[in-house]
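sequence first, then the predicted structure, then my questions.
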Amino acid sequence: MVRGGTRARTGLSLFLLASSALVWISAVIVMGILAYLVSKDRGGDHIIYELVIAVLTTAFYLLAFFFSAYPGHVMMFNLIFSYLWIVAVSFTASDWSYSHDALLLTAEAFSFIAFFFLFFNVLYDWHYGFNLGGARPRAVV
């Protein structure tokens, strides 16, 4: 694991930076596929939800690259988006798992990749913040 002394230029550890980049790339791919489906009038309630989550992730994760170096600042952000993406993964799995359309299966795969790396962002931030002494609450006396 990366300790506090080795940080990327953006302030995030190298693992969180790479993982956040993969989440952002996956969200951009999902956003493009779902926007194409909506433009072809193949949308429904689930596609609109997934498209909104992909757009929000794309927009907010640009800010996450520039957050502070202190652990815990990004954790709540990752936790909220991991829950949103697990719902998107369940929607895509229930809607498109038995589809033979490669575009739909690609959206499903990249939705899972986004959730997977968000989940590991939460675990890494939790471990780094609480087990390695990065973000301990201190009492002010």
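Cool, got the structure.

who's in contact with residue 119?
residue 82 (Cβ atoms under 8 Å, 6 or more residues apart in numbering). In short, each C-beta sits where N, CA and C put it, glycine included.

can you pull the pLDDT of it?
We have a pLDDT of 92 for residue 119.

I'd like the distance between it and residue 54.
According to Cβ to Cβ, to the nearest Å, residue 119 and residue 54 sit 17 Å apart.

tell me the SS of residue 42?
coil (DSSP: H, G, I helix; E, B strand; the rest coil).

and it, how many residues sit next to it?
13 (other Cβ atoms under 10 Å).

distance of it from residue 14?
For residue 42 relative to residue 14 (Cβ to Cβ), the value is 39 Å.

go ahead and confirm residue 20 touches residue 61.
Yes: counting by Cβ atoms under 8 Å, residue 20 touches residue 61, with 6.0 Å between them.

surely residue 105 is in contact with residue 95?
No: counting by Cβ under 8 Å, residue 105 stays clear of residue 95, with 11.1 Å between them.

how about low-confidence regions in this structure?
1-12, 64-73, 129-141 (pLDDT under 70).

all helices of this protein, in order?
14-39, 45-64, 75-96, 102-126 (DSSP state H).

report the angle between the longest one and helix 102-126.
For helix 14-39 against helix 102-126, the angle by axes from the mean of the first three to the mean of the last three Cα atoms, to 10 degrees is 150 degrees.

cool, and the shortest one?
Following the same axes, to 10 degrees, one obtains 40 degrees for the angle between helix 45-64 and helix 102-126.

the third one now?
Using the same axes, to 10 degrees, the inter-axis angle of helix 75-96 relative to helix 102-126 is 150 degrees.

packing partners for helix 75-96?
helix 45-64, helix 102-126 (3 or more Cβ pairs under 8 Å, 6 or more residues apart in numbering; DSSP states H and E).

of the ones you listed, which is nearest residue 87?
Taking Cβ to Cβ, helix 45-64 is the member of the helices and strands packed on helix 75-96 nearest to residue 87, at 7.5 Å.

next one: the closest one to chain centre, how far?
Centroid separation between helix 45-64 and its chain, computed with Cα atoms, centre = their mean, to the nearest Å, is 9 Å.
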